[in-house]
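A.B. asks: from the sequence below, what's the structure:
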Amino acid sequence: MKYFTDVPAQHEMMCELFQAMKELGGSGSLHEIDEKTIELLNISPEILEVKHSSSNKTEIEYRLAWTRSYLKKVGILENSLRGVWSLTAKGQELEEIDPVEIVLQVRKMLRLKKQPDPEYPEQEEIENEGLAVPDEIQDWRDQLKNLLFQLKPDAFERLTQRILRESGFVQVKVTGKTGDGGVDGTGIIKLNGMISFHMIFQCKRYTGTVPSKEIRDFRGAMQGRADKGLFITTGRFSSSAIQEANRPGTTPIDLMDGDDLVEKLKELQLGVLPVTDYIIDESWFLSI
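C.D. replies: Presented below is the predicted three-dimensional model:
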């Protein structure tokens, strides 16, 4: 069994995350950046499943969030309101980065009184000095994900039912049956008012990565009962789960992860209220 001590520290992933940004063309979503960085680090599945103690993220996701925050503090990365991270003009010019120097710069910014060995920067000391959580974790999207994960199973099922109805599905029913192979409900979507597809959905609150086994089990439960499947989760899907959902010759399963779910709630304005005021960031335009 792997523990959080086996997970690379945030400074140990800076070079790989920076390389991931370069390989992604200078920008990417959280999922794209995490996936590419994890690929470059060649992290084992056991470490990927280690949960963070006080958030709905895995430990590796939480520490990668810290890594992005460090790079943002020193002006190498920036993030938009849509949750897309990108290299700044400074970041684009750099060929490589020095994690030790970056940590020292951040500590200097925070005016830390204690300066531990820069080769082994301790996460806890940073957290106790005014940088409580990574910047992106303070984002409203993460607050919403935490709220969704705390919903009771039946409340999450009702929320899914509401989302589907608001999205144009009809005859949406929540089954709520135990021993039904993970099927949580059914519905019908009609395209162009002519062609109907019967759909079965499953909604699961996940803190980490949904493995391919969950998709296989869901497909087995829906076999012969619907034209399509929909799997909704507060977590994210592993690469193998995505491949399984799109496996040729099988009933197709659409996937909605935590990021998609948050964006859908924002689009439908369900429990998410827009702010109409805007602040002009002149420095952004000057950096183009």
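A.B. asks: okay, CA-based contacts and neighbour counts for the rest of this
C.D. replies: Fine.
A.B. asks: kindly indicate whether the residue lying closest to residue 253 once chain neighbours are set aside is helix, strand or coil.
C.D. replies: Of all residues not flanking residue 253 in the chain, residue 229 sits nearest, at 4.3 Å (Cα to Cα, 6 or more residues apart in numbering). Classification of residue 229 by DSSP: H, G, I helix; E, B strand; the rest coil places it in strand.
A.B. asks: what's near enough to touch residue 229?
C.D. replies: By Cα atoms under 8 Å, 6 or more residues apart in numbering, the contact list for residue 229 reads 199-201, 219, 222, 251-254.
A.B. asks: wait, which of the residues you listed is closest to residue 142?
C.D. replies: Of all the contacts of residue 229, residue 142 sits closest to residue 254, with 22.8 Å by Cα to Cα.
A.B. asks: for the closest one, which non-adjacent residue is spatially closest?
C.D. replies: Leaving aside its sequence neighbours, residue 254 sits nearest to residue 230 (Cα to Cα, 6+ apart; 4.7 Å).
A.B. asks: return the distance of the spatially closest residue to residue 11 that is not a sequence neighbour relative to residue 17.
C.D. replies: Distances taken as Cα to Cα, 6+ apart place residue 99 nearest to residue 11, at 5.6 Å, with adjacent residues excluded. In this view, residue 99 and residue 17 are 11 Å apart by Cα to Cα, to the nearest Å.
A.B. asks: one more: residue 247?
C.D. replies: 30 Å.
A.B. asks: which one of the two has more residues nearby?
C.D. replies: Neighbours were counted for residue 247 and for residue 17 using other Cα atoms under 10 Å; residue 17 has more, 24 against 12.
A.B. asks: so the more buried one sits against residue 32, correct?
C.D. replies: No - in this structure, residue 17 is not within contact of residue 32 by Cα atoms under 8 Å, at 10.7 Å.
A.B. asks: how about residues contacting the one helix or strand residue 186 maps to?
C.D. replies: Using DSSP states H and E, residue 186 falls within strand 185-191. Strand 185-191 is contacted from outside by 168-176, 196-202, using Cα under 8 Å, 6+ apart.
A.B. asks: that strand pairs with which strands, and in what direction?
C.D. replies: Strand 185-191 sits in its sheet next to strand 170-174 (antiparallel), strand 195-204 (antiparallel), going by DSSP bridges.
A.B. asks: most tightly surrounded among these?
C.D. replies: Comparing these by mean neighbour count (mean count of other Cα atoms under 10 Å), strand 195-204 ranks first with a mean of 19.
A.B. asks: list the contacts of residue 272.
C.D. replies: By Cα under 8 Å, 6+ apart, the neighbours of residue 272 are 265-266.
A.B. asks: so it sits in a helix?
C.D. replies: No - counting by three-state DSSP, residue 272 is not found in a helix; it is coil.
A.B. asks: tell me the pLDDT at it?
C.D. replies: Residue 272 carries a pLDDT score of 85 in this model.
A.B. asks: where in the stretch 1-150 of the chain is pLDDT low?
C.D. replies: Applying pLDDT under 70 to the stretch 1-150 of the chain flags residues 1-5, 54-56, 81-82, 111-139.
A.B. asks: residue boundaries of the strands in it?
C.D. replies: Along the stretch 1-150 of the chain, counting by DSSP state E, counting those that start in this stretch, strands occupy 27-28, 77-79, 85-87.
A.B. asks: so what does the shortest one touch, helix or strand wise?
C.D. replies: Put plainly, it is strand 27-28. Judged by 3 or more Cα pairs under 8 Å, 6 or more residues apart in numbering; DSSP states H and E, the packing partners of strand 27-28 are strand 85-87.
A.B. asks: for the strand it packs on, the distance to its chain's centre please.
C.D. replies: Centroid separation for strand 85-87 versus its chain: 16 Å, with Cα atoms, centre = their mean, to the nearest Å.
A.B. asks: partner strands of that strand, with direction?
C.D. replies: Counting by DSSP bridges, strand 85-87 is paired with strand 27-28 (antiparallel), strand 77-79 (antiparallel).
A.B. asks: out of the ones you listed, nearest to residue 40?
C.D. replies: Closest to residue 40 of these is strand 27-28 (Cα to Cα; 15.5 Å).
A.B. asks: what lies in contact with the closest one?
C.D. replies: The contact list for strand 27-28 (Cα under 8 Å, 6+ apart) reads 21, 84-87.
A.B. asks: among the residues you listed, which pair sits farthest apart?
C.D. replies: For the contacts of strand 27-28, the maximum inter-member distance is 11.4 Å, found between 21 and 84 (Cα to Cα).
A.B. asks: higher neighbour count, the two?
C.D. replies: The neighbour count for residue 21 versus residue 84, taken as other Cα under 10 Å, is higher for residue 21 (24 against 15).
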